[in-house]
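> Below is the sequence, then the predicted model.
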Amino acid sequence: MSYHPKIQRLYLSRLLKMNFENTLSFAQQFDEKDPLKIFRDRFHIPQHNGNTAVYLCGNSLGLLPKSARGFVEQEFLDWEKFGVEGHFNAKNPWFPYHHFGRKMLAEIVGAKEEEVVAMNSLTANLHLLMVSFYQPKGARKKIMMEANAFPSDQYAIETQVKFHGGNPETDIIEISPREGEYTLRTEDVLAQIEKNKNELALILFGGVNYLSGQYFDLKSISKAGHVAGATVGFDLAHAAGNTPVQLHDWNVDFACWCSYKYLNSGAGGVGGIFVHEKHSANNDLPRFSGWWGNDEQTRFQMKKGFFPQAGAGAWQVSNAPVFALAIHRASLEIFAEAGIKNLRAKSEKLTAYLEFIINDFNQKNAEHELKIITPKNLPERGCQLSLIAKKDGKKIFEQLTSHGVIADWREPNVIRMSPVPLYNSFEDVFMVGEVLKKIF
Ligand SMILES: *Cc1c(COP(=O)(O)O)cnc(C)c1O
């Protein structure tokens, strides 16, 4: 018997939930059996008031891989030893440095090596990519996005529209959840694409919405967007390293993400971009270019006339930020070792366990219900659960923090908790329930 993949996942998740127990011994047993348990020790887990924190904030800032210091130290050593000659003589020469982690990065977002590159930071990259891929013409000038997108994306899109002489009020179409709902229905997104098909220049969606934790159906959105004649790009800030993504196969035009959330590459760490290979040979795309995007063979000839290198690397502007990339490589190696599919398999269980623990609390404390607004359906979420308290949300969040559960708060009323499969344990999740019991 074979189920539709979505149904099978749902079915599995029910099975999993039925078997969960809200006890320490149960959580410890799950940890014992977890094939990825060795990876927790690869990270520094923060302290809170002298105890190891229950860190559920990898959606905001991933943790420090213990190996990162060594990667950065190598670059210090080579700088000390070689000075400028480190560009070619360093153990990991700086001239081609951005190539080193590329293959591992491509694996994480389902791309070919040449389709990705780590560069700049997220919002800067979003602008650079929109320069190339938002080209309003005649009636086809609108951008479609999800309502409640991360503010930086809203500002980027608003100002790009203005840059082209458009009116953000009319040229941006935001898709909102239905009355009384918190997340989008794919059918509604697709219907809006169809309805606006003659006016859409670009569809620019988040991968996982930062507030609700909803993982959008990127494959269907990409397909429908292309049928409508639009360009399709995704901001994967909350998806990269969290949910399974197949950018190449889904025929996505472009994407970008940051590396300091699930990719554990440090505050302000280097961003990443994807450009589908179908655009690689198009030298007519508008671009804001710099020397690092030029063909590598002729880059140092210092001649006039930008000639883009093949692949996403052509969008690089400045020389590679080696120190940020060193940390990034340390983290990418851990991902390569753990395997993105294995991480997803654990993530589904770990988050389902958190869902079970919260629901168990809710059953016993109806007056303090923490409503989970993230979809129940596994293909529609990553590791994050977003909770809305019946009352006193901010206070509950502060209480959680003071008891060493590091989650985060997003205005106006959302508590986000993200058990990350690389370094969180089932025991961490169990502790959330214990702390909630303590608070009330
Ligand atoms: C975290 C995040 C950002 C942050 O942008 P930076 O340019 O890295 O400061 C932007 N957009 C989304 C969707 C995010 O989740």
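Structure's in. What do you need?

> so what pLDDT did Leu263 get?
With respect to pLDDT, Leu263 scores 98.

> so who does it touch?
Leu263 makes contact with 62, 108, 240-241, 257, 269, 272, 328, 331-332, 335 under the criterion Cβ atoms under 8 Å, 6 or more residues apart in numbering. Heads up, the C-betas are built off the backbone N, CA and C, glycines and all.

> Out of those residues, the closest to Val405 would be?
Nearest to Val405 among the contacts of Leu263 is Gly62, at 17.2 Å by Cβ to Cβ.

> How many residues are close by the closest one?
26 (other Cβ atoms under 10 Å).

> quick one: the helices in the stretch 1-150 of the chain?
Shown for the stretch 1-150 of the chain, the helices assigned by DSSP state H, counting those that start in this stretch span residues 5-19, 24-33, 68-82, 86-89, 102-109, 122-133.

> no wait, the stretch 251-400 of the chain
Ranges of helices within the stretch 251-400 of the chain are 322-338, 340-364, 393-402, based on DSSP H, counting those that start in this stretch.

> would TSV of those helices with mean neighbour count, distance to the ligand and mean pLDDT be doable?
Listed next are the helices of the stretch 251-400 of the chain as TSV, based on neighbours: other Cβ atoms under 10 Å; distance: least, Cβ to the nearest ligand atom, whole Å; pLDDT from 0 to 100:
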stretch	mean neighbour count	distance to the ligand	mean pLDDT
helix 322-338	22	12	98
helix 340-364	19	18	97
helix 393-402	16	19	96
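
> that older thread, so which of the helices of the stretch 1-150 of the chain gets nearest the ligand?
helix 122-133 (3.3 Å; Cβ to the nearest ligand atom).

> hmm, the closest one touching the ligand?
Yes - remark: helix 122-133 sits within contact range of the ligand at 122-123, by Cβ under 6 Å from any ligand atom.

> coming back round to it: with Phe426 as the reference, name the closest of the helices of the stretch 1-150 of the chain.
helix 24-33 (4.0 Å).

> And that closest one, how far out from the chain middle?
Taking the mean of its C-alpha atoms, helix 24-33 sits 28 Å from the chain's own mean (Cα atoms, centre = their mean, to the nearest Å).

> please begin residue numbering at 439 from this point
New numbering, starting at 439: the last item is helix 462-471.

> if you average pLDDT over that helix, what comes out?
On average, the pLDDT along helix 462-471 is 97.

> try stretch 573-591
96.

> how about that stretch: buried residues?
Buried residues in stretch 573-591, counted by 16 or more other Cβ atoms under 10 Å: 574, 578-584, 586-588, 591.

> of the residues you listed, closest to the ligand?
Ranked by distance to the ligand (Cβ to the nearest ligand atom), these are led by Phe588 at 3.3 Å.

> Tell me how many other residues crowd the nearest residue to the closest one once chain neighbours are set aside.
Once flanking residues are discounted, Phe588 sits nearest to Tyr648: 4.9 Å by Cβ to Cβ, 6 or more residues apart in numbering. Per other Cβ under 10 Å, the neighbour tally for Tyr648 reads 23.

> same thing with Phe712?
Phe712 - counted by other Cβ under 10 Å - has 28 other residues nearby.

> Please name the bridge partners of it.
Note on Phe712: beta-bridge partners by DSSP bridges are Val554, Ala693.

> And Leu640, by the same measure?
Beta-bridge partners, per DSSP bridges, of Leu640: Ile581, Thr669.

> Identify the residue of the stretch 589-738 of the chain closest to the ligand, quick one.
Closest point on the stretch 589-738 of the chain to the ligand, by Cβ to the nearest ligand atom, is Ala675, at 3.2 Å.

> sorry, back to before: between the helices of the stretch 439-588 of the chain, which one is closest to Asn815.
Ranking those by proximity to Asn815 (Cβ to Cβ) places helix 443-457 first, at 5.9 Å.

> nearest to Glu607, of the helices of the stretch 689-838 of the chain?
helix 831-840 (31.8 Å).

> Run through the neighbouring helices and strands of the closest one.
In terms of contacts (3 or more Cβ pairs under 8 Å, 6 or more residues apart in numbering; DSSP states H and E), helix 831-840 is packed against strand 846-848, strand 852-855, helix 864-877.

> Just checking the first one against the ligand, any contact.
No - interface with the ligand: strand 846-848 contributes nothing (Cβ under 6 Å from any ligand atom), its closest point being 10.9 Å away.

> helices or strands next to that strand in the packing?
Against strand 846-848 (3+ Cβ pairs under 8 Å, 6+ apart) you get helix 831-840, strand 852-855.

> Out of these, which gets nearest to Arg819?
Nearest to Arg819 among those is strand 852-855 (12.0 Å), distances taken as Cβ to Cβ.

> Spell out which parts of this protein neighbour the ligand.
Contacts of the chain with the ligand, taken as Cβ under 6 Å from any ligand atom, map to 559-561, 588, 590-591, 644, 648, 673, 675-676, 696.

> can I get the residues you listed in a markdown table with distance to Ser660?
Formatted as a markdown table, the residues of the chain next to the ligand follow (distance: Cβ to Cβ, whole Å):
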| residue | distance to Ser660 |
| --- | --- |
| Ser559 | 25 |
| Leu560 | 20 |
| Thr561 | 22 |
| Phe588 | 20 |
| Ser590 | 22 |
| Asp591 | 18 |
| Gly644 | 14 |
| Tyr648 | 20 |
| Asp673 | 14 |
| Ala675 | 18 |
| His676 | 18 |
| Cys696 | 21 |
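
> Which of the residues you listed sits closest to Phe726?
Thr561 (14.1 Å).

> tally of neighbours for that closest one?
Count around Thr561 with other Cβ under 10 Å applied: 19.

> List the contacts of the residue lying closest to it once chain neighbours are set aside.
Nearest residue to Thr561, sequence neighbours excluded (Cβ to Cβ, 6+ apart): Ser590, at 4.6 Å. Applying Cβ under 8 Å, 6+ apart, we find Ser590 in contact with 560-561, 564.

> follow-up on the earlier one: between the helices and strands packed on strand 846-848, which one is closest to Glu523.
strand 852-855 (46.5 Å).

> How far off centre is the closest one?
Distance of strand 852-855 from the chain centroid (Cα atoms, centre = their mean) equals 16 Å.

> which helices and strands does that strand pack with?
When contacts are defined as 3+ Cβ pairs under 8 Å, 6+ apart, strand 852-855 sits against strand 823-827, helix 831-840, strand 846-848.

> Name the residues of the first one that are buried.
Of the residues in strand 823-827, those buried by neighbour count under the rule 16+ other Cβ under 10 Å are 823-825, 827.

> out of those, who's nearest Ala666?
Nearest member of these to Ala666, counting by Cβ to Cβ, is Ser824, at 29.8 Å.
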